[in-house]
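1. Compute the structure for the input listed below.
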Amino acid sequence: MAEATTTAGTRQSWWPLLWGLAAVLICPFLPLFIDIIPIQQTLLLLVPIVAACSIVGWRFGGRAALALMWIAFTVWILLQPA
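-> As a prediction, this is how the structure comes out:
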């Protein structure tokens with residue numbers, strides 16, 4: 001009599017995220033990548049990206065404390081002397 005009103009959702013895979021993380025960690029050591037973007041400190045790339053993602057997550061209902069923590073970590077990383 002009563003039918004389900006929801007449909008079975010598709011499961012999203014973690015593989016694109018893992019491939020992207022591997023690219024961020026490995027690409028700075030490839031000779032071609034060094035010629036294009038001369039940044040070998042992956043934290044300078046990874047921490048601001050995670051901070052931006054946490055801000056987006058906070059805007060969509062995530063935790064504000066997590067976003068503030070990543071923003072503070074980003075500011076600290078970027079203010080360190082080379």
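2. longest single helix anywhere in the chain?
-> Counting residues, the longest helix in the chain under DSSP state H turns out to be helix 42-59.
3. And the contacts of that one?
-> 24-25, 28, 39, 62-64, 66-67, 69-71, 73-74, 77-78 (C-beta atoms under 8 Å, 6 or more residues apart in numbering). For every residue, glycine as well, the C-beta is placed using N, CA and C.
4. Tell me which of those residues fall in helices.
-> 24, 25, 64, 66, 67, 69, 70, 71, 73, 74, 77, 78.
5. Please list only the buried members of those residues.
-> Burial by neighbour count, judged by 16 or more other C-beta atoms under 10 Å, picks out 67, 70, 71, 73, 74 from those.
6. export these to TSV and tack on pLDDT?
-> Below are those laid out as TSV (pLDDT from 0 to 100):
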residue	pLDDT
67	92
70	92
71	94
73	94
74	91
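7. can you put those in JSON lines and add distance to residue 48?
-> Shown next, in JSON lines, are these (distance: C-beta to C-beta, whole Å):
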{"residue": "67", "distance to residue 48": "13"}
{"residue": "70", "distance to residue 48": "9"}
{"residue": "71", "distance to residue 48": "9"}
{"residue": "73", "distance to residue 48": "9"}
{"residue": "74", "distance to residue 48": "5"}
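8. Closest one to residue 17 out of these, please.
-> Using C-beta to C-beta, residue 70 comes nearest to residue 17 of those, at 16.4 Å.
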